[in-house]
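K.L.:
return a 3D structure for these sequence lines:
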Amino acid sequence: MKRGLMASVFMICAATLTAADLAGTWSANVTLDVGSGTAIFKFTQSGEMLSGSYAGTLGEAKVTGTVKGDQVEFSFDGGQAGKIVYRGKLEGASKMSGSCEYGALGKGTFTAERK
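P.N.:
Here you go, the predicted structure:
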């Protein structure tokens with residue numbers, strides 16, 4: 001009985017630590033000190049590793065990142081603006097929000113929805 005209970009608890013804990021699936025297209029509303037805009041991200045995912053693309057005000061770029069449980073972090077080269085970094089938390093299967101750093105353009109926040 002105890003073994004069965006312990007196995008169940010272990011499986012539940014392991015399931016909560018599994019990376020969420022971010023694969024697909026996401027539309028992000030971004031607000032920075034210098035203004036606001038929309039960014040489109042197309043993600044593919046292998047385990048905790050993210051890759052994909054960004055399209056927005058800064059043009060287009062390759063994106064890399066990680067997903068650990070409900071925490072996500074991804075970045076891309078913003079050209080003259082510098083390295084762009086997003087850090088956020090998933091809110092269910094189709095929403096995320098958090099902070100972003102747009103290199104020389106400053107810091108801000110974002111909310112994103114899966115399309």
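K.L.:
mind giving me the packing neighbours of the longest strand along the chain?
P.N.:
Ranked by residue count under DSSP state E, the longest strand found in the chain is strand 35-46. Under the contact criterion of 3 or more C-beta pairs under 8 Å, 6 or more residues apart in numbering; DSSP states H and E, strand 35-46 touches strand 24-32, strand 49-56, strand 59-68. For every residue, glycine as well, the C-beta is placed using N, CA and C.
K.L.:
and it, average pLDDT?
P.N.:
Average pLDDT, strand 35-46: 97.
K.L.:
what lines up beside that strand in the sheet?
P.N.:
strand 24-32 (antiparallel), strand 49-56 (antiparallel) (DSSP bridges).
K.L.:
angle of it against strand 59-68?
P.N.:
Relative orientation of strand 35-46 versus strand 59-68 (axes from the mean of the first three to the mean of the last three C-alpha atoms, to 10 degrees): 60 degrees.
K.L.:
report the buried residues of strand 35-46.
P.N.:
39, 41, 43, 45 (16 or more other C-beta atoms under 10 Å).
K.L.:
in the chain, where is pLDDT below threshold?
P.N.:
1-17 (pLDDT under 70).
K.L.:
just put the strands paired with strand 35-46 in CSV and tack on mean neighbour count.
P.N.:
Shown next, in CSV, are these (neighbours: other C-beta atoms under 10 Å):
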stretch, mean neighbour count
strand 24-32, 16
strand 49-56, 17
